[in-house]
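Chemist: Pasting the sequence and the predicted model now:
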Amino acid sequence: VEMKSIKKYSILFILALFVICLSPQACNPTDEGDNGIEEEQNDDTYDVDLYGIPKFVNTNYIELYKIYRISKFRSGYGHDYSDDFENCRSMKHYFQPRNSVNWSSVGIYSPVTGTISELKDGWAGTQVRIRSDQYPAFWFILFHVNLSVSLNIGDAVAAGEKLGNHIGSQTMSDIAIGVNTPHGWKLISYFEVMTDPLFQNYQVRGVNNRNQLIISMQARDADPLTCQGETFINSGNLEHWFILN
């Protein structure tokens, strides 16, 4: 009798296992779930090496008709401003107004629709950092702004919304764009994220192609700068500026 009972319960146990294993989640837990589902692109990061740099900025951050010249990305002008991948180079753009205009009259605008993430008062105006709504891993940093509107961290701004004016003749206006990538903080040129229609405004001023405003990493590495802290000890042999017509 005991043997019959054991066989009976063994058969029932095997049948139960068979029913459970009709569900692939139960018998193959690694096929689905945390290890089996491919993660989507994290909004907090963007892999520019894998996806390329999107051209999504269609608004000038500054009144271009008042600008005389623009420093090149990776120039030796100003001071070291570099990222997690490069060092000892200026990885932003300086915009120098014409001598014929009042520098403090030059309007500064939000280049993208986004959120104010940082406001930092400095020796010459306010540094404004804006996180893009369209590409949240992209941050736009505007330097030396004399704010004409009340801004707080977390405020929403629209592309083209006036933030204020350039602080004045004591310094130039500059802009930097940073991207949180899966591998670290990466700085890119303002002209790499411009749409073609926006870039046409620069073509009218004599810029035939975007590369005229960008020193490549290879060219800069071949003509290295020397830094002591953030200060350039030498400025290299490559041209720092593009003069607009």
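Modeler: It's in. Note that the coordinates shown come from a computational prediction; the quantities given were computed from them, not determined experimentally. Numbers count the residues shown, from 1 in each chain.

Chemist: going forward, measure contacts between C-alpha atoms and count neighbours the same way
Modeler: Fine.

Chemist: mind showing which ranges of this structure have poor pLDDT?
Modeler: Along the chain, segments meeting pLDDT under 70 span 1-42.

Chemist: ok, 80 please
Modeler: Counting by pLDDT under 80, the chain contains low-confidence ranges at 1-43.

Chemist: so where do the strands sit in it?
Modeler: 67-71, 93-97, 107-109, 114-122, 125-132, 138-147, 156-157, 162-166, 173-181, 184-188, 226-228, 231-234, 241-243 (DSSP state E).

Chemist: Identify the residues contacting the closest residue to residue 217 other than its chain neighbours.
Modeler: Once its chain neighbours are removed from consideration, residue 217 has its nearest residue in residue 74; the separation is 7.6 Å (CA to CA, 6 or more residues apart in numbering). With contacts defined as CA atoms under 8 Å, 6 or more residues apart in numbering, residue 74 is in contact with 89-92, 214-217, 220.

Chemist: which of the residues you listed has the most neighbours?
Modeler: residue 91 (31 neighbours; other CA atoms under 10 Å).

Chemist: now the closest residue to that one other than its chain neighbours: how far from residue 54?
Modeler: Leaving out its chain neighbours, the residue that sits closest to residue 91 by CA to CA, 6+ apart is residue 74, at 4.7 Å. In this view, residue 74 and residue 54 are 20 Å apart by CA to CA, to the nearest Å.

Chemist: any chance you could map the helices in the protein?
Modeler: Using DSSP state H, the helices found in the chain span residues 2-20, 24-27, 48-51, 196-204, 217-222.

Chemist: Looking at strand pairing, list the partners for the nearest residue to residue 132 once chain neighbours are set aside.
Modeler: The shortest distance from residue 132 to any residue that is not its chain neighbour, by CA to CA, 6+ apart, is 4.3 Å, and that residue is residue 114. In this structure, residue 114 has the following beta-bridge partners (DSSP bridges): residue 132, residue 157.

Chemist: Hmm, residue 135 and residue 114 touching each other?
Modeler: No. Look at residue 114 against residue 135 with CA atoms under 8 Å: they stay out of range, at 9.1 Å.

Chemist: Mind listing what's buried along stretch 237-245?
Modeler: If you call a residue buried by 16 or more other CA atoms under 10 Å, then stretch 237-245 has these buried ones: 240-242, 244.

Chemist: How about stretch 164-173?
Modeler: Neighbour counts over stretch 164-173 (16+ other CA under 10 Å) mark 164-168, 171-173 as buried.

Chemist: Report the distance from that stretch to the chain centre.
Modeler: Offset of stretch 164-173 from its chain centre (CA atoms, centre = their mean, to the nearest Å): 23 Å.

Chemist: likewise stretch 92-102?
Modeler: In this view, stretch 92-102 has its centroid 23 Å away from the chain centroid, taken as CA atoms, centre = their mean.

Chemist: first vs last residue of it, how far apart are they?
Modeler: By CA to CA, the extent of stretch 92-102 from end to end equals 23 Å.

Chemist: What are the contacting residues of that stretch?
Modeler: Contact with stretch 92-102 is made by 66-74, 81, 103, 106, 168-169, 172-177, 187-190, as judged by CA under 8 Å, 6+ apart.
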